[in-house]
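Chemist: Here you go, sequence then predicted model.
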Amino acid sequence: MKPKGLACFAVAALALAPMAAFAQAPTPPNPPLAPLQEPAKTLPVPYADISPAMQAFIAKPLNPDWNDQWKTGAEARAYANKQAAGVVPGIPAMLARLHVTMKSETMAGVHVYVLTPDSIPPENKGKVLIHVHGGCYVLFPGESGTTEGIMMAGFGHYKVISVDYRMPPEAYFPAALDDAVAVYKDVLKTTPPKDVAFFGTSAGGALTLEMVLRARQDGLPMPGAIAPGTPMSDVTKTGDSFYTNEKVDNVLVSRDGFCQAATVIYAHGHDLADPLLSPVYGDMHGFPPAILTTGTRDLLLSNTVRVHRKLLRSGVPAILEVFEGESHAQYQFDDRVPETKEAFTEIADFFGQYLGH
């Protein structure tokens with residue numbers, strides 16, 4: 001759905017449930033409620049209000065690697081390197097299509113890619129977007145993690161800093177978060193916080209939320225806005241769509257697939273309910289305005305919806321964008337798909353409403 005202005009605040013909900021109830025891991029009812037038994041059924045490829053290019057993504061078979069159960073950081077990195085080798089060769093053409101330049105730099109000891117559009121409108125000059133890539137905390141090393149940042153720079157006409165955060169086997173939780181916050185601190189030396197936004201998808205969406213929680217812990221000012229796309233906001237595998245969209249989402253496929261295995265590797269024995277791994281359990285009062293993006297077939301639809309509701313219950317302006325038929329993160333799979341331009345333009349417009357104010 002396209003934004004029609006800010007969603008109304010869930011004021012009534014505040015009167016019905018203490019906020020503390022939303023800040024802790026849920027306890028299943030005892031005795032357990034009877035589950036719904038759903039017979040097997042066939043799902044046609046949706047076509048209404050969906051471009052043919054996106055229909056092709058929706059119609060793809062289940063990710064053949066969905067059940068890879070990596071046990072070590074080295075195993076995950078071997079797969080990540082193979083995947084990256086298929087992504088990186090296409091980046092120069094994407095940069096050219098979107099009129100973006102990319103420069104490798106180091107900020108606060110962290111490797112980053114600075115993505116600059118050929119044209120930055122006056123209202124976006126001086127604004128900086130910090131991008132944290134997805135990949136279940138173990139995938140898309142180096143340049144392969146910049147594609148979402150390139151799209152934002154190209155469609156949104158903002159300067160973007162894409163953080164090449166450390167991943168297993170070199171480093172584990174909370175290394176990715178440490179690196180992203182270190183970059184934010186460095187950006188704050190030259191840029192007012194009201195002119196900074198965080199964004200990312202999947203693990204990057206979770207890191208976007210975790211960066212705000214850590215910034216508050218560290219006494220840093222809040223950024224002007226955030227865009228957590230289909231965030232991995234609850235890695236305890238809690239949420240309705242983990243069941244309703246299992247084997248329907250053709251990207252992640254299952255709550256017990258490769259992404260959960262990767263997250264366990266990254267967590268390195270740490271409690272998965274910690275808000276710095278499952279940010280839906282964090283206190284979101286005082287968060288910056290947020291725009292969230294997901295799809296109706298997304299395994300993390302519930303993760304995204306729950307964060308949206310949590311933000312509203314905390315008095316934070318928040319918009320939820322849901323694309324018809326899309327599985328996990330498919331809105332940013334290809335810059336040539338109409339829905340991709342639509343998604344990033346909406347995020348950029350949202351940033352335009354709040355950055356600098």
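Modeler: Received it, and whenever you're ready, just let me know what you need. Computed from a predicted structure; not experimentally measured.
Chemist: After the helix or strand of the chain with the lowest mean pLDDT, which helix or strand is next? Please name it.
Modeler: The helix or strand of the chain with the lowest confidence, counting by mean pLDDT, DSSP states H and E, is helix 11-16 at a mean of 31. The first helix or strand that comes after helix 11-16 along the chain, using DSSP states H and E, is helix 52-58.
Chemist: just the CA coordinates of that next one, formatted as PDB?
Modeler: Taking C-alpha atoms only, helix 52-58 is exported to PDB below (Å, rounded to 0.1, in the frame of the first residue of the first chain):
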ATOM      1  CA  PRO A  52       5.300  -9.000 -15.000                       C
ATOM      2  CA  ALA A  53       8.900  -8.700 -13.800                       C
ATOM      3  CA  MET A  54       7.900  -9.000 -10.100                       C
ATOM      4  CA  GLN A  55       5.500 -11.900 -11.000                       C
ATOM      5  CA  ALA A  56       8.600 -13.700 -12.400                       C
ATOM      6  CA  PHE A  57      10.300 -13.400  -8.900                       C
ATOM      7  CA  ILE A  58       7.100 -14.500  -7.200                       C
END
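Chemist: helices or strands up against it?
Modeler: Applying 3 or more C-beta pairs under 8 Å, 6 or more residues apart in numbering; DSSP states H and E, we find helix 52-58 packed against helix 338-354. To be clear about C-beta, it is placed using only N, CA and C from the backbone, and glycine gets the same treatment.
Chemist: Tell me the helices and strands packed up against the helix it packs on.
Modeler: If you count contacts as 3+ C-beta pairs under 8 Å, 6+ apart, helix 338-354 packs onto helix 52-58, helix 147-156, strand 196-201, strand 225-229, strand 290-295, strand 318-323.
Chemist: Run through who's touching the third one.
Modeler: I take that to be strand 196-201. With C-beta atoms under 8 Å, 6 or more residues apart in numbering as the test, strand 196-201 has contacts from 127-134, 148, 152, 180, 184, 187-188, 207-208, 211-212, 223-231, 288, 293, 329, 332, 347, 351, 354-355.
Chemist: now the following helix or strand past that strand and strand 196-201, what's the angle there?
Modeler: Tracing the chain past strand 196-201, the next element assigned as helix or strand by DSSP H and E is helix 203-217. With axes from the mean of the first three to the mean of the last three C-alpha atoms, to 10 degrees applied, the angle from helix 203-217 to strand 196-201 works out at 140 degrees.
Chemist: in helix 203-217, what counts as buried?
Modeler: 203-216 (16 or more other C-beta atoms under 10 Å).
Chemist: got TSV for the helices and strands packed on helix 338-354, with mean neighbour count and distance to Thr101 too?
Modeler: TSV is the format used below for the helices and strands packed on helix 338-354 (neighbours: other C-beta atoms under 10 Å; distance: least, C-beta to C-beta, whole Å):
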stretch	mean neighbour count	distance to Thr101
helix 52-58	16	26
helix 147-156	26	9
strand 196-201	29	19
strand 225-229	29	22
strand 290-295	28	26
strand 318-323	21	28
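Chemist: That's all I had, so thanks and see you.
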